[in-house]
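> Need the 3D shape of this:
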Amino acid sequence: LDAEVETLQAQARDFQQWVLTNEVLTQGWVSINTLNAMSSSGVALNQAYSHVLDSLRAQGSHGDPLLEQAILLQQITAAYVRESSSLDGGGAIYDNARDVELPVDQLAVQFRQQLTLLQQQYADNPATSQRLQQAAMRWAYIEKSLLNYRKKTVPATVVRYSGKIIDILLAPATSTAQG
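The predicted structure follows:
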């Protein structure tokens, strides 16, 4: 597990380096090479995280399903913003992250299915159940945009609501998220 964690940390540093490469400030735009490198680094980071989770599960340890749901939503949001902000709507500009990632609409279906399972799993836990209900209400507001992400995009709305949902999912068990 130490090797997987070390790889995860290295991938996180690499991804952070690409994110902090603020070409907009220095050039006024972000090069396609930087976008592609950032996407590749993000994919590698997600894969390293998956390997750590797999190793933990193999050792009999169970992860935090709400954390995993929050990470899935972060992946969906990043893919949605990448697709909606590209000059051509994500069609012609090649991004090698597409080779390994599922499309936004498929990830959105996966999120909805897992959210429903979490609501069932935590039905007997009032605090967590309430948080999941709050997350589901906000999810319902952006789900259609994610399912139809190539027709009409609203990245600011999706980012704002995704952030609220992630905050709710990651809130301490003894409190409820507001907003």
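
> and stretch 104-116, average pLDDT?
Across stretch 104-116, pLDDT averages out at 96.

> That one: which residues count as buried?
Residues of stretch 104-116 classed as buried by neighbour count (16 or more other Cβ atoms under 10 Å): 104, 107-108, 111-112, 114-115. In short, each C-beta sits where N, CA and C put it, glycine included.

> got these as CSV, with secondary structure and distance to D54 columns?
Shown next, in CSV, are the buried residues of stretch 104-116 (DSSP: H, G, I helix; E, B strand; the rest coil; distance: Cβ to Cβ, whole Å):
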residue, secondary structure, distance to D54
V104, helix, 24
L107, helix, 19
A108, helix, 24
F111, helix, 20
R112, helix, 24
Q114, helix, 17
L115, helix, 22
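
> can I get those in CSV with distance to V5?
Formatted as CSV, the entries for the buried residues of stretch 104-116 read as follows, by distance: Cβ to Cβ, whole Å:
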residue, distance to V5
V104, 29
L107, 25
A108, 30
F111, 26
R112, 31
Q114, 25
L115, 28
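
> Going by length in residues, pull out the top helix of the chain.
Assignment by DSSP state H gives helix 32-58 as the longest helix of the chain.

> same for that one, what does it pack against?
Identification of packing neighbours for helix 32-58 by 3 or more Cβ pairs under 8 Å, 6 or more residues apart in numbering; DSSP states H and E yields helix 2-19, helix 65-85.

> Which residues does the first one contact?
When you say that, I think you mean helix 2-19. Contact with helix 2-19 is made by 34, 37-38, 41-42, 44-45, 47-49, 51-52, 55, as judged by Cβ atoms under 8 Å, 6 or more residues apart in numbering.

> So which of those residues is the closest to Q133?
Sorting the contacts of helix 2-19 by distance to Q133 puts Y49 at the head of the list, at 27.1 Å, by Cβ to Cβ.

> Grab the nearest non-local neighbour of that closest one.
Setting aside the residues directly before and after it, Y49 is nearest to L8 in space (Cβ to Cβ, 6 or more residues apart in numbering), at 5.9 Å.

> go on, V109?
By the measure of Cβ to Cβ, 6+ apart, the closest residue to V109 outside its immediate chain neighbours is L147, 7.5 Å from it.

> which parts of stretch 11-31 are buried?
In terms of neighbour count (16+ other Cβ under 10 Å), stretch 11-31 has its buried residues at 11, 14-15, 18.

> got it, and stretch 50-70?
51-53, 66, 68-70.

> Extract the CA atoms of it and return them as PDB.
Presented in PDB, the C-alpha positions along stretch 50-70 are these (Å, rounded to 0.1, in the frame of the first residue of the first chain):
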ATOM      1  CA  SER A  50      -8.500   3.800  -7.700                       C
ATOM      2  CA  HIS A  51      -5.500   1.600  -7.100                       C
ATOM      3  CA  VAL A  52      -5.300   2.800  -3.500                       C
ATOM      4  CA  LEU A  53      -9.000   2.100  -3.000                       C
ATOM      5  CA  ASP A  54      -8.600  -1.400  -4.600                       C
ATOM      6  CA  SER A  55      -5.700  -2.200  -2.300                       C
ATOM      7  CA  LEU A  56      -7.600  -1.100   0.800                       C
ATOM      8  CA  ARG A  57     -10.600  -3.200  -0.300                       C
ATOM      9  CA  ALA A  58      -8.400  -6.200  -0.800                       C
ATOM     10  CA  GLN A  59      -7.200  -5.800   2.700                       C
ATOM     11  CA  GLY A  60     -10.800  -5.800   4.000                       C
ATOM     12  CA  SER A  61     -11.000  -2.000   4.600                       C
ATOM     13  CA  HIS A  62     -14.000  -0.200   3.300                       C
ATOM     14  CA  GLY A  63     -13.700   3.400   2.100                       C
ATOM     15  CA  ASP A  64     -16.000   6.200   2.800                       C
ATOM     16  CA  PRO A  65     -18.800   5.900   0.200                       C
ATOM     17  CA  LEU A  66     -19.800   9.600   0.600                       C
ATOM     18  CA  LEU A  67     -16.200  10.600  -0.200                       C
ATOM     19  CA  GLU A  68     -16.200   8.300  -3.200                       C
ATOM     20  CA  GLN A  69     -19.400   9.900  -4.400                       C
ATOM     21  CA  ALA A  70     -17.900  13.400  -3.900                       C
END
